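>>> model this:
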Amino acid sequence: MGSSVPSKSVRSIEIATAAAMEAFGASVARAASAPITVYLSGQLAAGKTTFARGYLRGFGHGGAVKSPTFTLVESYELSARAIHHFDLYRLEDAEELEFIGLDEYFETGADCLVEWPERGRSLLPAPDLDIHLTVCGEVRQGEISTGTEYGEKLLEL
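Presented below is the predicted three-dimensional model:
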């Protein structure tokens with residue numbers, strides 16, 4: 001993770017299909033030359049898990065990718081990178097994250113994709129990229145902001 005900086009850059013994108021959302025996730029994976037923390041927020045069915053699936057596919061994962069709604073986290077040990085995919089939707093209190101050893105996930109040098117980060121923001125590290133997705137009819141609008149210097153560099157790519 002890079003050092004925390006105030007969010008300097010914001011970019012907007014439009015994503016027309018699930019395939020395009022997966023491609024967006026894969027493009028972020030290809031740009032990530034070092035471990036990254038990505039927040040994925042937005043209403044239900046906005047495409048957060050689809051982004052995560054594309055991200056994992058970008059690192060060669062060919063298996064199923066489902067939202068870890070009930071387990072809070074799914075971990076993937078890929079040849080190129082370890083990736084932790086969090087879904088905090090069912091979190092009642094951010095303090096619950098301490099019971100799953102949250103710090104350890106972020107300190108291992110793995111990529112961390114966090115759906116519903118607002119439910120645990122008080123305990124989460126700053127994101128490199130903060131992606132907010134909005135459903136607009138059949139398309140998704142995405143607003144990408146940065147939270148670290150590394151995030152700034154990724155957004156430029």
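>>> least trustworthy helix or strand in the protein by mean pLDDT?
Considering only helices and strands, the least confidently modelled element of the chain by mean pLDDT, DSSP states H and E is helix 96-99, at a mean of 83.
>>> could I get that helix in CSV with only the CA atoms?
Listed in CSV are the C-alpha atoms of helix 96-99, where the atom choice follows Å, rounded to 0.1, in the frame of the first residue of the first chain:
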residue,chain,number,x,y,z
GLU,A,96,-16.3,-7.5,14.1
LEU,A,97,-13.4,-7.2,11.7
GLU,A,98,-11.0,-7.5,14.5
PHE,A,99,-12.3,-11.0,15.2
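>>> count of residues packed around A23?
16 (other Cβ atoms under 10 Å). (C-beta placed from N, C-alpha, C; glycine too.)
>>> tell me the secondary structure for it?
Secondary structure of A23, reduced to three states by DSSP: H, G, I helix; E, B strand; the rest coil: helix.
>>> again, but for the one 3 residues further on
For A26, the reduced secondary structure class is helix; criterion used: three-state DSSP.
>>> Wait, it touches R57, no?
Yes: using Cβ atoms under 8 Å, A26 is in contact with R57, at 5.5 Å.
>>> okay, and for the chain, where does confidence drop off?
Across the chain, the stretches falling below the confidence threshold (pLDDT under 70) are 1-7.
>>> And the strands in it, which stretches?
Taking DSSP state E to define them, one finds strands in the chain at 10-15, 37-42, 73-77, 82-87, 111-115, 129-136, 139-146.
>>> Give me the distance from the least confident helix or strand of the chain to the chain's centre.
In this view, helix 96-99 has its centroid 19 Å away from the chain centroid, taken as Cα atoms, centre = their mean, to the nearest Å.
>>> Pull out the buried residues from it.
E96, L97 (16 or more other Cβ atoms under 10 Å).
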